[in-house]
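> Would you be able to build a 3D model of this:
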Amino acid sequence: MNKGFSVVETVASLFLIGIIIGISSISFLDKSPKYKIKKAVWDIHSRMNFARYKSIFEDTKFRISFNESGYTLEKYDLQQKKWITESKKTFDGVNISATNSPIFHPLGTVSNLASITISNTAGKYRISLAISGRIKIVQY
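Here you go, the predicted structure:
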């Protein structure tokens, strides 16, 4: 008595598993832009809150400058009288545009109010910043 699977049965089962994996990977690829844009929106929103609170606690100005693929967080150095880069972040698969580079002040207020647009094939989001520091996210 032979025990086990024949070569034909093994090849057939591997073929079916390959088809199932192929179909499932296509569905994940379709959702990838959706998750990329949501991650970028969440990251920018949290970094803006971080800059506001850091400005309050460290009693100095912070600025976020945007480019088409990410942002740069900068701290104002009073002694050197210039902006020093604290961190940078880039995102793959999203386009970012901003009307301004917001500056967060130690009193919790914001100057250079900005409207940041984040978009890709999955959609478009706008993050708007009020003078009081309130951040609003709208999906289009």
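
> So which residues of this structure form strands?
With DSSP state E, the ranges of strands along the chain come out as 62-67, 70-77, 82-90, 95-98, 103-104, 110-111, 115-120, 123-129, 135-139.

> Keeping just the C-alphas, turn the second one into CSV.
In this case it means strand 70-77. The C-alpha coordinates for strand 70-77 follow below in CSV (Å, rounded to 0.1, in the frame of the first residue of the first chain):
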residue,chain,number,x,y,z
GLY,A,70,6.6,65.1,2.9
TYR,A,71,7.4,67.7,5.6
THR,A,72,10.2,69.1,7.7
LEU,A,73,9.9,70.0,11.3
GLU,A,74,12.1,73.0,12.3
LYS,A,75,12.9,74.7,15.6
TYR,A,76,13.7,78.4,15.8
ASP,A,77,17.1,79.0,17.5
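
> Show me how far it is from its chain's centre.
With Cα atoms, centre = their mean, to the nearest Å as the basis, the distance from the averaged C-alpha position of strand 70-77 to the chain average is 16 Å.

> ok, now the fifth one?
In terms of Cα atoms, centre = their mean, the centre of strand 103-104 is found 20 Å from the chain centre.

> packing partners for the lowest-mean-pLDDT helix or strand in the chain?
Taking mean pLDDT, DSSP states H and E as the measure, the chain has helix 7-58 as its least confident helix or strand, at a mean of 88. Secondary structure elements in contact with helix 7-58, counted by 3 or more Cβ pairs under 8 Å, 6 or more residues apart in numbering; DSSP states H and E, are strand 62-67, strand 70-77, strand 103-104, strand 115-120, strand 123-129, strand 135-139. All C-beta spots, glycine's among them, are computed from the backbone N, C-alpha and C.

> Next one: the most centrally placed residue in the chain from residue 136, what distance?
Geometric centre of the chain, nearest residue: residue 40, 1.4 Å, by Cα atoms, centre = their mean. Separation of residue 40 from residue 136 (Cβ to Cβ, to the nearest Å) stands at 16 Å.

> The residue lying closest to residue 74 once chain neighbours are set aside and residue 37, how far apart?
Closest residue in space to residue 74, ignoring its immediate chain neighbours: residue 83 at 4.1 Å, by Cβ to Cβ, 6 or more residues apart in numbering. The spacing between residue 83 and residue 37, counted by Cβ to Cβ, is 28 Å.
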